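# Below is the sequence, then the predicted model.
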Amino acid sequence: MSLSEGMKHQFYLNVNQEERSVVISPSDILLSVLREQLGLTGSKPGCYNGDCGACTIDINGTPIKSCLMLAIEAIDKNITTIEGLKDTPIQKSFVEHFAFQCGYCTPGFIMNCNALIQKHPNASDEVIEEWLESNICRCTGYKEIEEAVKSVLHSNK
Amino acid sequence: MIPFNFEYYKPSSIHEAVQLFQRLDTEEKQPIYYSGGTEIISLARINILYTKAIIDIKSIPECNVLHLEKDQLVLGACLPLTEIEESNFYPLLTKTIQEIADRTARNKITIGGNICGQIFYREAILPFLISNSQVVIAGIHGIKTMPIQQVFHQHLHLKKGEFLVQMITEKADLHLPFISIKKRQQWDTGYPLITVTAAKKPSSSFIENSSNQSLTNYERIQIAFSGLNPFPYRSEEIERDLNQQHLSLEQKVDLATSHLPEPILDDFEGSAQYRKFVMKNTLQHVLSTLEVQ
Ligand code: FES
Ligand code: FES
């Protein structure tokens, strides 16, 4: 594959199980394309530097910070954003455990927690901590977030 | 948002990648190889890095190899750190890279990207330095495999157009007793003050006494550092100091800390003096832990 500089190219991205057409330059960041072209504003821009995790999405079952990925790298991958999750156990659990305050970090946390639950349904405390360290909550709702994810994991047992 | 545009290429073979590099370089496009891309995106965003062409090497099969052969572990440069952690063929490497960035970022950061990056720390190189690994490098003249000591001095010395393809480590070095410590200013987040990785390897040497020479078996400490200086390294001199069998632990550490290379980092993470202090304590901890193991 090759794409020339300064030109926009049309591609299809598989987002939330739909083929979505996008017109992108090679230097476009995936987070910006999702938000600005596809109107999927659930993934939040925070630091744009890979530090906060607010932009976390799911690529082929793996959480990825969409500010650290070129849109062009996502071609032929299955992208899931927070808009693609419907009534999942972790979403319900966040509500039940009051695991958000302002809610800005919530989509990123939920995408990360959801991937964790899929990959490690019996995750140990150590694994939970290691995964969730990737996200920052300025409202410091960590305790409730931990309770929310543990409640889903423990109901799996 | 990256404030400039570039061309994007995704070759599927080593040959195609190096040919592309040569052509784009002739066209003065300042091409760069791209693997995980996290550092390239971060630096491009703040205008510290500029290019007119990116060559994404993630589709090159050799760069994605992860296998334990009869005698060797082969790791492709484009493997994400978390994939290497999960395979856990080399526990010292797993322990060391688990401390880089955070779990989600490590799904994108690749082993080659960390080793070849501009960031001072590049901790992923440390286990390869102490295990005397081999480095596979591709360039316009073909593929070469070289001992790490010949190509890594503070950073990986790649000629223009070359890129890192694989790291190869002998099976015998994968399961030595080890310790890997990352010391930060506080908590478990942020950049390190110091990272030390060390392993203990069975060795033997001739010891001379008054009448004859005898072969003595001992366990040699192999050790590498990151964070103290603006580059990761393994130092023969420090290793010799720490392996002086006739010295006490304190004497070894004193001797080793008198041979630290310059410059020592002096920034908001920690002053040079503080870093040296932490280094001394960390070395004591490393030696006493390895002695017990
Ligand atoms: S916006 Fe991506 S990690 Fe902060
Ligand atoms: S709920 Fe406000 S940042 Fe987390």
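Yes, it's here. Numbering: from 1, shown residues only, chains lettered A, B, ... in the order given. Ligands and ions are numbered 1, 2, ... in the order given.
# Going by C-alpha atoms from here, please, whenever you check contacts or count neighbours.
OK.
# The strand or helix carrying A:Glu19 near chain B anywhere?
Assigned by DSSP states H and E, A:Glu19 belongs to strand A:18-24. No - Strand A:18-24 lies out of reach of chain B by CA under 8 Å from any CA of the partner chain, never closer than 10.9 Å.
# So what touches that strand?
A:8-14, A:33, A:37-38, A:71-72 (CA atoms under 8 Å, 6 or more residues apart in numbering or on different chains).
# So which of those wins on neighbours?
A:Ala71 (23 neighbours; other CA atoms under 10 Å in any protein chain shown).
# Could you verify my assumption that it touches A:Gln37?
No - in this structure, A:Ala71 is not within contact of A:Gln37 by CA atoms under 8 Å, at 11.3 Å.
# What is the burial count for the nearest residue in space to A:Ile72 that is not next to it in sequence?
The spatial neighbour of A:Ile72 that comes closest, neighbours along the chain excluded (CA to CA, 6 or more residues apart in numbering or on different chains), is A:Pro26 at 6.1 Å. For A:Pro26, the tally of surrounding residues (other CA under 10 Å) stands at 25.
# can you pull the contacts of A:Pro26?
A:3-5, A:8, A:70-72, B:5-8.
# Would you format those residues as CSV with pLDDT included?
As requested, the contacts of A:Pro26 are arranged in CSV below (pLDDT from 0 to 100):
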residue, pLDDT
A:Leu3, 72
A:Ser4, 70
A:Glu5, 64
A:Lys8, 87
A:Leu70, 98
A:Ala71, 98
A:Ile72, 97
B:Asn5, 95
B:Phe6, 96
B:Glu7, 96
B:Tyr8, 97
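# which stretches of the stretch 151-293 of chain B form strands?
Assigned by DSSP state E, counting those that start in this stretch, the strands in the stretch 151-293 of chain B fall at B:152-153, B:155-156, B:163-170, B:178-184, B:192-208, B:213-226.
# Pull up the distance across stretch A:17-29, start to finish.
Its first and final residues considered, stretch A:17-29 spans 20 Å by CA to CA, to the nearest Å.
# actually stretch B:266-276, sorry about that
Stretch B:266-276: ends 10 Å apart by CA to CA.
# Pull the distance from it to the chain's centre.
22 Å (CA atoms, centre = their mean, to the nearest Å).
# List the buried residues for that stretch?
B:266, B:269-270, B:272, B:275-276 (16 or more other CA atoms under 10 Å in any protein chain shown).
# Please apply the same query to stretch B:242-249.
Under 16+ other CA under 10 Å, the buried positions of stretch B:242-249 are B:242-243, B:249.
# ditto for stretch A:82-98
A:82, A:84, A:89-91, A:93-94, A:97.
# Touching, B:Arg184 and B:Val196? I think so.
No - B:Arg184 is beyond contact range of B:Val196, at 11.8 Å (criterion: CA under 8 Å).
# These two - which one has more neighbours?
Set B:Arg184 next to B:Val196 and count neighbours by other CA under 10 Å: B:Val196 wins out with 24 against 18.
# for the more buried one, which residues make a bridge with it?
Per DSSP bridges, the residues bridged to B:Val196 are B:Ile181, B:Phe225.
# In this structure it contacts B:Ser180, no?
Yes - if you go by CA under 8 Å, B:Val196 and B:Ser180 touch, sitting 5.7 Å apart.
# Low-confidence bits of chain A, can you list those?
A:5-6, A:156-157 (pLDDT under 70).
# That one: helices as residue ranges?
A:30-32, A:89-96, A:106-119, A:125-132, A:142-156 (DSSP state H).
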